[in-house]
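A.B. asks: what follows is a predicted protein model with its sequence.
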Amino acid sequence: MTTQEAGWYWAEGDPEGTKRYWTGEAWAPGIVGLEPWRRAGAKIIDIALMLVFALLLGLIFGGGVGSTYLLTLLTLIVAVCYEVGFVTTKGGTPGKLILGFRIVEVENGMTPPKGSVAALRWAPGLIGVIPFVGAIASIAIFVICVYWLFSDPNRQTVYDRVAKTYVVLVPKNETVL
C-alpha cells in the first residue's frame, strides 16, 4: 500500500472487518473494531478507580459519604480530570491502557489526541448534572453506548462520535510512538 492516501483501511494480516490508519508511508499501530467486551472491562476499571478517588477526596475534605452534594461535585471533578488528563497525556485512561487500548483521532490516527478532543469525549457525561432529566438522559446515553459498542463496526460510542475518535487495540507486538 504505497500509493494510497492517508486514511483508515484494512491492513493485510489484520482480522476481517477491522481497519487501521495508513499515514501515507506506514501503518500506524492500533486496530479499530476489536473486542467490545474487553473495552467494557476497561470502562469498569476506570469507573472503579474514579469512585475510589472521589470517595477519598470526600473523606479528606470532611464531607464524608453523607454529604451527597459534595460527593457528587467531587465525583464530577475527578471524572473530568481523570478522563481529560489521562487521554491527553497518555492516549487513554488507565483502564484502557491496562487492557491495551489507545484513543486516536479519526482525522489523523494520532494519539494522544489534542486536549480539546479529550474534553469533547467527556462532554456527553455532563448531561447527568441536569436536575431531573439528567439521570434519564444519562441512562439513555449509556444504552446507546452499549448498543453502538457491540453493533458499530468501528466500535464508536456516543463519546467517540462526539469527539471524532476511535478506540484502537494495540497488539502486544506493536508499540505506540
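C.D. replies: Alright, I've got the coordinates.
A.B. asks: which SSE is Pro153 in?
C.D. replies: Using DSSP states H and E, Pro153 sits in no helix or strand.
A.B. asks: who's in contact with it?
C.D. replies: Applying Cβ atoms under 8 Å, 6 or more residues apart in numbering to Pro153 gives the contacts Gly17, Gly33. Just so you know, the C-beta spots here come from the backbone N, C-alpha and C atoms, and that holds for glycine as well.
A.B. asks: equivalent analysis for Glu83, please.
C.D. replies: Per Cβ under 8 Å, 6+ apart, neighbours of Glu83: Thr93, Ala118, Arg121, Trp122, Gly125.
A.B. asks: pretty sure Leu57 contacts Cys81?
C.D. replies: No - in this structure, Leu57 is not within contact of Cys81 by Cβ atoms under 8 Å, at 10.7 Å.
A.B. asks: between these two, which one's more packed in?
C.D. replies: Taking Leu57 and Cys81 together and counting by other Cβ atoms under 10 Å, Leu57 has the greater number of neighbours (17 against 13).
A.B. asks: which residues are in contact with the more buried one?
C.D. replies: Leu74, Val78.
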